[in-house]
Structure formats: C-alpha cells, structure tokens
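Visitor: Just the structure for this:
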Amino acid sequence: MAGENIKILTEEDIEREMQSLQEWKREDDKIVKQFEFKDFVDALDFINNLMPFFQENDHHPDINWSYKKITFSLTRYDAGGKLTDKDFSTARKIDSEYTERN
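Guide: Here you go, the predicted structure:
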C-alpha cells in the first residue's frame with residue numbers, strides 16, 4: 001500500500017517533472033534511463049553506493065545491469081504502478097550520484 005507521504009502525479013505533474021530531467025524517457029507509467037560505466041566493477045559500485053538511499057527512501061527501482069551498462073526503471077508498484085513524486089526524486093538522486101562520479 002502506498003504511504004501517506006507518496007503523491008501520485010497527474011499527467012500535468014509528470015510532464016513538468018520530465019522537463020526537469022535530462023535523458024530520462026517515459027515508458028508508460030515508468031521513467032527509464034541508461035547509464036554507462038568504465039567497467040563491471042564500477043557499475044556494481046554505483047549500485048551499491050545508491051542502495052542506502054533506495055532503502056532509506058523505500059524506493060527500489062528495477063535495475064537491468066549488463067556488464068558496464070545499467071538501466072534504471074522507476075515506478076511505484078505500491079501505488080498501483082503509477083508515477084509518483086518519489087520516482088522523480090529518485091531519478092534526480094541517481095543523476096546526481098552519476099554526475100559526481102564522472
């Protein structure tokens with residue numbers, strides 16, 4: 001069940017939030033972005049460094065990992081598979097961490 005502090009976004013909210021992100025794509029009720037790393041270990045380290053944030057914020061993205069490429073897909077399953085404010089705050093955190101590394 002979605003927590004009280006999770007806001008399911010309207011289409012207008014989603015469009016506004018998408019404009020604030022770079023290179024994230026909307027795929028139905030998910031936002032998706034691929035990241036590339038120097039090697040396998042660097043990609044794993046990136047995921048591991050984000051894990052405390054995912055746990056603390058109770059937001060666990062779908063992660064598709066192929067050697068040095070990671071694709072994150074964000075949606076809130078406990079909100080009926082809808083996009084929420086937490087999806088976009090998580091996307092911004094992922095982007096921020098990636099930018100700091102590179």
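Visitor: what number of residues lie near the nearest residue to Lys7 once chain neighbours are set aside?
Guide: Nearest residue to Lys7, sequence neighbours excluded (Cβ to Cβ, 6 or more residues apart in numbering): Asp85, at 4.4 Å. Bear in mind the C-beta positions are built from the backbone N, C-alpha and C, glycine included. Number of residues near Asp85 (other Cβ atoms under 10 Å) recorded here: 15.
Visitor: Now do Asp85 against Asn5, distance only.
Guide: Here Asp85 is placed at a distance of 9 Å from Asn5 (Cβ to Cβ, to the nearest Å).
Visitor: Please apply the same query to Lys68.
Guide: Computed with Cβ to Cβ, the distance linking Lys68 and Asn5 is 35 Å.
Visitor: In terms of neighbours, single out the busier of the two.
Guide: Shown here are Lys68 and Asn5; by other Cβ under 10 Å, Lys68 has more neighbours (15 against 9).
Visitor: quick one: pLDDT of the residue nearest in space to the middle of the chain?
Guide: With distances taken as Cα atoms, centre = their mean, the chain has Ala91 as the residue nearest its mean C-alpha position (3.9 Å). Ala91 carries a pLDDT value of 98.
Visitor: Much appreciated, bye for now.
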